[in-house]
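Colleague: All I have is the shape, not the residue letters:
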């Protein structure tokens, strides 16, 4: 598993810590869930229609990278959406 460091403003760190304490989850689990929700929400929207032509290649490459490194099953809505957008 890859690692990633995240620097947070003190207020954001304290909010994350409070949510972790209230939910009984680790801060890492909360951040992973938020990232997953953000990726899924992006994949399910039509934001790709708003992309400028010069950004299209960059986004296509990023989506292909997501698809290639996905650890979810092929029949998951998130991977299906990423696959659909990577063929644009």
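Modeller: Now that the structure is in, tell me what you want to look at. The model shown is predicted, which means the values in this text are computed figures rather than measured ones. Residues are numbered from 1 along each chain as shown.

Colleague: C-alpha only now, for contacts and for neighbours.
Modeller: OK.

Colleague: count of neighbours near residue 24?
Modeller: 9 (other CA atoms under 10 Å).

Colleague: Repeat that for residue 63.
Modeller: Neighbour count for residue 63, taken as other CA under 10 Å: 21.

Colleague: now swap in residue 11 and tell me
Modeller: Neighbours of residue 11 (other CA under 10 Å): 9.

Colleague: Same question for the strand or helix carrying it: list its buried residues.
Modeller: Using DSSP states H and E, residue 11 sits within helix 10-23. Residues of helix 10-23 classed as buried: 16-17, 20 (neighbour count, 16 or more other CA atoms under 10 Å).

Colleague: Can I get those in JSON lines including distance to residue 67 and pLDDT?
Modeller: Formatted as JSON lines, the buried residues of helix 10-23 follow (distance: CA to CA, whole Å; pLDDT from 0 to 100):
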{"residue": "16", "distance to residue 67": "29", "pLDDT": "95"}
{"residue": "17", "distance to residue 67": "31", "pLDDT": "95"}
{"residue": "20", "distance to residue 67": "30", "pLDDT": "95"}
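
Colleague: Specify the local secondary structure of residue 5.
Modeller: Classification of residue 5 using DSSP: H, G, I helix; E, B strand; the rest coil returns coil.

Colleague: List phi and psi for it.
Modeller: Backbone torsions of residue 5, given as degrees, to the nearest 10, read phi -100, psi 140.

Colleague: before we move on, back to that, which helices and strands sit right next to the next helix or strand after the helix holding residue 11?
Modeller: Next helix or strand after helix 10-23 toward the C-terminus (DSSP H and E): helix 27-44. Judged by 3 or more CA pairs under 8 Å, 6 or more residues apart in numbering; DSSP states H and E, helix 27-44 is in contact with helix 10-23, helix 77-86.
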